[in-house]
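Colleague: Take this sequence and fold it.
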Amino acid sequence: MPAAENTVGATYRVLARKYRPTTFDQLSGQDAMVRTLTNAFASGRIAQAFMLTGVRGVGKTTTARIIARALNCVGPDGKGGPTAMPCGQCDNCVAIAEDRHVDVIELDAASRAGGVNEVRELVDGVRYRPVSARYKVYIIDEVHMMTGPAFNALLKTLEEPPAHVKFVFATTEIRKVPVTVLSRCQRFDLRRLDVDALIKLYTDVAKAESVEVVPAALALIARAADGSARDGLSLLDQAIARAEGAITEADVRDMLGLADRTQLFDLYDLLMGGDAKGALGLMASLYAAGADPAVVVQDLLELTHWLTRIKLVPPAAEAPGVPEAERVRGGAMAGKLTLPHLARVWQMLLKGLGEVQTAPLPLQAAEMVMIRLTHAADLPTPADLVRQLQDGGGSPAERPRTSVAAERSPPTTTAIGVAPAAPARTDPSDRPRAFAAGGAVAAAQAEPAAQAPNPETFAAIVTLLGERREAILQAHLKNNVHLVRFEPGRLEFRPDEHAPRNLANRLGALLSEWTGRRWVVAISSEPGEPTLSEQDVAAGRRERAEVTAHPLVQAVMATFPGAAIEAIRELSTAIEPTTDGEPEA
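Modeller: Just a heads-up that it's a prediction; the model follows:
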């Protein structure tokens with residue numbers, strides 16, 4: 001546990017500052033970095049620049065200050081050199097701990113030092129030797145907030161700094177730091193602290209503060225900290241100020257807006273049992289007690305993950321520190337639920353969490369998520385669907401309405417001048433309902449394989465799109481596509497700038513679905529043929545030119561000056577037979 005800093009004569013300090021580590025061995029959960037730095041100081045192989053990265057609250061800035069103290073510590077006698085165990089007593093150690101050392105310059109790139117002008121001032125100051133310390137140390141927090149020109153202004157100095165200068169950078173967004181900067185620094189990735197390490201840290205702090213906290217309450221705080229020691233200490237500080245006497249699990253749950261763990265298992269049981277009324281009633285009780293709907297959904301997600309984990313790795317339920325409720329009730333639940341069911345619940349809760357977090361009324365959104373879960377509780381699993389397929393797809397009463405309507409509809413008759421009805425297209429959104437009802441076979445047979453189209457030309461594809469009511473896609477193929485090559489099963493074309501980017505993928509998917517064979521639709525850079533619309537216009541011009549050149553038309557135009565050709569129609573030469581078989585005169 002980090003030792004408390006000297007607070008004599010000072011006002012109250014929050015726990016996150018009071019118990020900030022002052023030496024490397026006080027850092028929790030960063031053993032790899034501590035070992036590397038300790039060896040570097042012992043051997044004298046100290047880097048010219050350090051890059052510290054990790055999530056918020058894991059100790060990046062704290063580590064930077066410890067490095068500054070280690071570089072400048074002179075020991076109690078004033079004769080020591082750089083050491084991994086700063087004494088904390090010399091003038092340099094005390095001044096750095098109190099953030100008042102003139103040679104340790106700490107900057108925040110989010111507020112200043114992020115622009116090129118600030119970096120130029122920094123570079124100008126690098127040339128001057130430290131006033132009283134061994135090294136002049138520049139600590140730049142949130143370094144990823146620096147601009148591109150600012151990084152470029154720092155590169156040369158960072159690569160060849162004076163012997164008396166060290167740089168320490170800290171960032172939570174390492175990917176935003178240019179590679180040219182990273183390559184000039186010794187990088188350390190500070191780990192997110194696990195729950196056990198956080199519980200130990202908070203237990204030591206509670207003892208030092210003479211505060212009684214039950215272990216279950218510390219576990220809740222450690223879980224809510226999400227790997228950040230500082231966040232957990234802030235929560236512990238809040239819990240101490242909130243509680244009167246010992247801090248209980250109920251106190252922390254009320255503070256965090258969490259649902260009681262036992263009630264959470266009850267809610268999960270109701271959801272998995274399909275009891276919508278009971279689940280909504282329990283959710284209303286939790287909400288009235290102060291539980292946050294989004295946190296409840298997050299807890300359900302966490303419980304789903306826990307059940308899946310102990311189903312795959314049963315010994316995980318017997319690990320030390322697992323609460324009795326999760327050990328007993330979790331094991332019983334995991335035995336009843338299947339992995340496909342848990343995976344489906346996980347996906348539904350994950351989608352529902354986003355809805356609850358963005359909904360104007362979170363409680364109503366959470367209730368709708370739970371209603372969906374109760375209705376999905378009795379859906380068949382994929383294995384059951386396979387068995388239904390093997391058994392013939394279930395009874396006719398279980399088939400989807402679309403299939404039953406298709407079976408009862410009379411045969412279609414085609415009259416002269418009336419186009420045949422387009423084959424019914426199955427809506428992809430209806431497929432889950434068809435499978436859920438056990439009518440997969442009937443849904444698949446809505447369009448028999450014998451009637452599958454097989455376009456032999458590009459024009460036939462365009463016609464097929466019209467028959468299948470894909471008017472927008474048909475218009476793009478007519479007006480915005482230049483055919484390059486065509487053969488059954490393969491199509492190459494050059495789209496113009498007005499064609500959608502996903503035209504080839506969508507067309508290929510539809511043709512493969514409709515024809516029952518694989519179609520390859522590719523984009524080509526060759527010029528290709530004119531578009532079908534351009535070909536139609538050219539054909540119309542040729543036809544009009546032929547008609548205009550006809551002697552009869554020219555005679556009519558000469559007889560009636562000012563006449564114009566409005567339309568061109570084909571004249572039928574067929575002679576209708578009479579009832580007696582003789583041709584009609």
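Colleague: check contacts around residue 512.
Modeller: Residue 512 sits next to 518-519 when contact means C-beta atoms under 8 Å, 6 or more residues apart in numbering. Placement of C-beta: from N, CA and C, glycine included.
Colleague: Now do stretch 156-164: distance from first to last residue.
Modeller: End-to-end span of stretch 156-164 (C-alpha to C-alpha, to the nearest Å): 16 Å.
Colleague: neighbouring contacts of it?
Modeller: Identification of contacts with stretch 156-164 by C-beta under 8 Å, 6+ apart yields 48-49, 123, 126-127, 129-130, 134-136, 167, 181, 184-185.
Colleague: just stretch 175-188 next, same as before
Modeller: Contact partners of stretch 175-188, identified using C-beta under 8 Å, 6+ apart, comprise 33, 36-37, 47-53, 63, 143-144, 148, 151, 154-155, 158-159, 167, 169, 171, 174.
Colleague: just to revisit the earlier point, nearest to residue 480, of the contacts of stretch 156-164?
Modeller: Nearest to residue 480 among the contacts of stretch 156-164 is residue 181, at 46.4 Å by C-beta to C-beta.
Colleague: Please point out which parts of the strand or helix carrying that closest one sit buried.
Modeller: If you go by DSSP states H and E, residue 181 is part of helix 179-182. Buried residues in helix 179-182, defined by neighbour count with 16 or more other C-beta atoms under 10 Å: 181-182.
Colleague: same deal with stretch 285-301?
Modeller: 286-287, 291-301.
Colleague: Kindly report the same for stretch 354-366.
Modeller: Buried positions in stretch 354-366, judged by neighbour count with 16+ other C-beta under 10 Å: 356, 359, 362-363, 365-366.
Colleague: Roughly how far does residue 49 sit from residue 266?
Modeller: Residue 49 sits 55 Å away from residue 266, taking C-beta to C-beta, to the nearest Å as the criterion.
Colleague: Comparing those two, which shows the higher neighbour count?
Modeller: Using other C-beta atoms under 10 Å, the more surrounded residue of residue 49 and residue 266 is residue 49, with 21 against 17.
Colleague: all helices for the stretch 51-200 of the chain, in order.
Modeller: 60-72, 91-97, 116-126, 148-159, 179-182, 195-208 (DSSP state H, counting those that start in this stretch).
Colleague: And the contacts of the next helix or strand after the last one?
Modeller: On the C-terminal side of helix 195-208, the nearest following helix or strand under DSSP H and E is helix 215-225. Contacts made with helix 215-225 from outside it, assessed by C-beta under 8 Å, 6+ apart, are listed as 57, 193, 195, 198-199, 202-203, 206, 231-232, 235-236, 239, 247-249, 251-253, 256, 258, 321, 323.
Colleague: Filter these down to the buried ones.
Modeller: Looking at those with 16+ other C-beta under 10 Å, the buried ones turn out to be 57, 193, 195, 198-199, 202, 206, 231-232, 235-236, 239, 247-249, 251-253, 256, 258.
Colleague: so residue 481 makes contact with residue 531?
Modeller: Yes - in this structure residue 481 lies within contact range of residue 531 using C-beta atoms under 8 Å: 6.2 Å.
Colleague: what touches both of these two?
Modeller: residue 496.
Colleague: Between those two, tell me which one has more neighbours.
Modeller: Regarding residue 481 and residue 531, a neighbour count based on other C-beta under 10 Å identifies residue 481 as having more, with 25 against 20.
Colleague: So for the more buried one, what's the nearest residue that isn't a sequence neighbour?
Modeller: Once flanking residues are discounted, residue 481 sits nearest to residue 493: 4.7 Å by C-beta to C-beta, 6 or more residues apart in numbering.
Colleague: residue ranges for the strands of the stretch 251-400 of the chain, please.
Modeller: Shown for the stretch 251-400 of the chain, no strands are assigned by DSSP state E, counting those that start in this stretch.
Colleague: Next: the stretch 1-150 of the chain.
Modeller: Assigned by DSSP E, counting those that start in this stretch, the strands in the stretch 1-150 of the chain fall at 49-53, 104-108, 136-141.
Colleague: Tell me which of those strands sits nearest to residue 343.
Modeller: Residue 343 lies closest to strand 49-53 among these, at 33.4 Å (C-beta to C-beta).
Colleague: Neighbouring strands - and their directions - for the closest one?
Modeller: strand 165-171 (parallel), strand 186-189 (parallel) (DSSP bridges).
Colleague: Mind checking the helices of the stretch 51-200 of the chain for the one nearest to residue 540?
Modeller: helix 148-159 (57.6 Å).
Colleague: Let me know the angle separating that closest one from strand 136-141.
Modeller: 150 degrees (axes from the mean of the first three to the mean of the last three C-alpha atoms, to 10 degrees).
Colleague: So, low pLDDT: which residues of this structure?
Modeller: 1-10, 112-114, 258-260, 320-325, 381-385, 388-451, 571-585 (pLDDT under 70).
Colleague: Map the structural domains onto the sequence of it.
Modeller: With domains defined by automatic domain parsing, the chain comprises 30-189, 257-376, 387-405+425-446, 450-529.
Colleague: Mind putting those into CSV with distance to residue 554?
Modeller: Formatted as CSV, the domains of the chain follow (distance: least, C-beta to C-beta, whole Å):
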stretch, distance to residue 554
domain 30-189, 74
domain 257-376, 72
domain 387-405+425-446, 50
domain 450-529, 33
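Colleague: which one of those domains lies closest to residue 22?
Modeller: Nearest of the domains of the chain to residue 22, taken as C-beta to C-beta: domain 30-189 at 6.0 Å.
Colleague: If anything else comes up later, I'll come back, but that's it for now.
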